[in-house]
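Chemist: fold the following, please.
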Amino acid sequence: MVGRGRDGYRSLERQTVLGFDGTVVAEATITPAILVNELARKPSPGLRSLPIAKLLEITSRAGEIFGTGRPDGLDPEAYVRNASLTSGLPLSITRRNTIGVFPQALGLMGRFLEVQSPGGLGVFDTGFYEAGGIRIGMVPRGRNVGFVMPGNHPSTHFLWLMALAMKVPVVVKPSSDDLFTPFRLVMSLLDAGLPEDAIAFVPGGHDLTDTIVQSCSLSVLFGMQQLADRYASNRNVRVHGPGRSKVVVTADADFDEAVTLISRLVMDDAGRGCINGSAVVVEGNADTLAAAVAERLAAVPVQSPLAEGAQLGSVRPNEAAAFNAMIDHGLGGGARELTPGPGGRVATVDGVSTMRPTVIEVSSYQHPLFGMELPFPFVVFAGASRAELARAASLSLAVVGAGHDDTLGEELLQEPTIDKVFDSGALSTEFDPREPHEGYLLDFLYQKKAIRSGAVAAEMQPRAWPR
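Modeler: As a prediction, the model looks like this:
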């Protein structure tokens, strides 16, 4: 545990952190629930008292330290290797999404906040803004926010970084699959001058999730549908569940362009993101397009994730067995598997297991496999009529359109269960922190209040209202 006392806490209970190749990479403290509860209930005045301009200087400086320094005792390349070894994300992809992203993103934090802030950045100092001639208060909904982080992709950490930049103290529980990225970010921020009471880094098991929810004012959790269902009625908990992102291909789409687009959306970042394409809806028959994508993905080389340019991540043997069982259970009832062919879905390189890209075609978008999201390149195709396309694409974090049907884009935009819509060649896998991602974080962390002072007429006539 670091933060709230720079030297941190080291419990008697430790966890050995292993790389996907079996090497011992580190030893992690297991933070006891009683300490998390104590830390989460302490006030954190240091962050709120910082002017927003000063805080943004700190985040920018932290980005520089993250990219070139040794805040965690590791040079940048040693950090990248450890993060890759434990998360299973290929080395070059890890480097691109950490050293290649966080330094610049932390330097641009002000721009990312501006699109969410109704009164400009000054609202974080004053606590109010004016709009339409009235004053509106904007204040935090609680004293802090707890984050229970995943290990699938480094970009998820930008959420708690943004919360800090909004002057909301955070408690961060990292995934055991990637302790190194959030730890390096925390240490970079502290080195840059972030008040120590602004952050607590609390490694531990899944049992800490309930502790964080109970002890923090607000919580942001990442997990599967069961977690989303569990906290669905709790307005103080925001759950980022499975993305089930999709591609919709209309009859007028260019075939070769569609193959390239779908292959890219399935393979980007080793298929590990919630915004990767996991399902494709094709107007008409999906056979030919599914076969062409399967042929393209079958050519992806199987390499060690530590090889430069590797496109596939590692999985633990028990995870590979579980993924295989889930897919096998869903096959049948109008489903046929087009890949991976000889050798099966699991490949082994230098003793490391990896899942080959998997392409399945089903007879209907209502098939149980359609929309399933797995943390490797996995995609299910289904055909549909023009009238069914928007319905088939529903329940999606992101939907990418391929084709020239302008009315479909409007239908996708109006579908309330679709969060993001991309068309005209835009890629869902190109993350932009300025865009809403399951809504804006500010709207969860802050509340708007009416503020009125001075003499107020006892009764306001409708004719006095602005027109």
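
Chemist: now do the nearest residue to residue 204 once chain neighbours are set aside, the pLDDT please.
Modeler: Nearest residue to residue 204 in three dimensions, chain neighbours excluded: residue 31, at 4.5 Å (C-beta to C-beta, 6 or more residues apart in numbering). For glycine as for every other residue, the C-beta is placed from the backbone atoms N, C-alpha and C. The model reports residue 31 with a pLDDT of 87.

Chemist: quick check, residue 31 in contact with residue 203.
Modeler: Yes. With contact defined as C-beta atoms under 8 Å, residue 31 reaches residue 203; the gap is 5.9 Å.

Chemist: what's the local residue count around the residue nearest to residue 204?
Modeler: 24 (other C-beta atoms under 10 Å).

Chemist: now residue 363
Modeler: Counted with other C-beta under 10 Å, residue 363 comes out at 14.

Chemist: quick one: contacts for it?
Modeler: Residues in contact with residue 363 (C-beta atoms under 8 Å, 6 or more residues apart in numbering) are 333-335, 382.

Chemist: remind me which helix or strand residue 381 belongs to.
Modeler: strand 378-384 (DSSP states H and E).

Chemist: following that strand in sequence, what is the next regular element?
Modeler: Taking DSSP H and E, what comes next after strand 378-384 is helix 389-392.

Chemist: now that following helix: average pLDDT?
Modeler: Helix 389-392 comes out at a mean pLDDT of 96.

Chemist: which other residues reach it?
Modeler: 246, 248, 250, 281, 283, 365, 382, 384, 408, 411-412, 415.

Chemist: state the distance from residue 208 to residue 376.
Modeler: Here the criterion is C-beta to C-beta, to the nearest Å. By it, residue 208 lies 27 Å from residue 376.

Chemist: nope, residue 218 is what I meant
Modeler: Distance from residue 218 to residue 376, by C-beta to C-beta: 32 Å.

Chemist: go on, residue 321?
Modeler: 14 Å.

Chemist: what do you get for residue 53?
Modeler: Distance from residue 53 to residue 376, by C-beta to C-beta: 43 Å.

Chemist: and those two? Which one has more around it.
Modeler: residue 376 (24 against 12).

Chemist: what sits against that one?
Modeler: 270-272, 312-313, 315, 323, 354-355, 357-358.

Chemist: and residue 84, helix, strand or coil?
Modeler: helix (DSSP: H, G, I helix; E, B strand; the rest coil).

Chemist: tell me, how many residues neighbour it?
Modeler: Neighbour tally, residue 84, other C-beta under 10 Å: 26.

Chemist: ok, now residue 21?
Modeler: Residue 21, neighbours per other C-beta under 10 Å, totals 14.

Chemist: give me the residue at the spatial middle of the chain.
Modeler: residue 156 (3.7 Å; C-alpha atoms, centre = their mean).

Chemist: so it, which of the three states?
Modeler: Applying three-state DSSP: residue 156 is helix.

Chemist: any idea how far residue 89 is from it?
Modeler: 12 Å.

Chemist: hmm, back to that, in helices, which of the contacts of residue 376 appear?
Modeler: residue 323 (DSSP state H).

Chemist: most neighbours among the contacts of residue 363, please name it.
Modeler: Top of those by neighbour count (other C-beta under 10 Å): residue 382, with 26 neighbours.

Chemist: excluding chain neighbours, what is closest to that residue?
Modeler: Per C-beta to C-beta, 6+ apart, closest to residue 382 is residue 365, 4.1 Å.

Chemist: got the phi and psi for that neighbour?
Modeler: Per-residue torsions, residue 365: phi -70, psi -10 (degrees, to the nearest 10).
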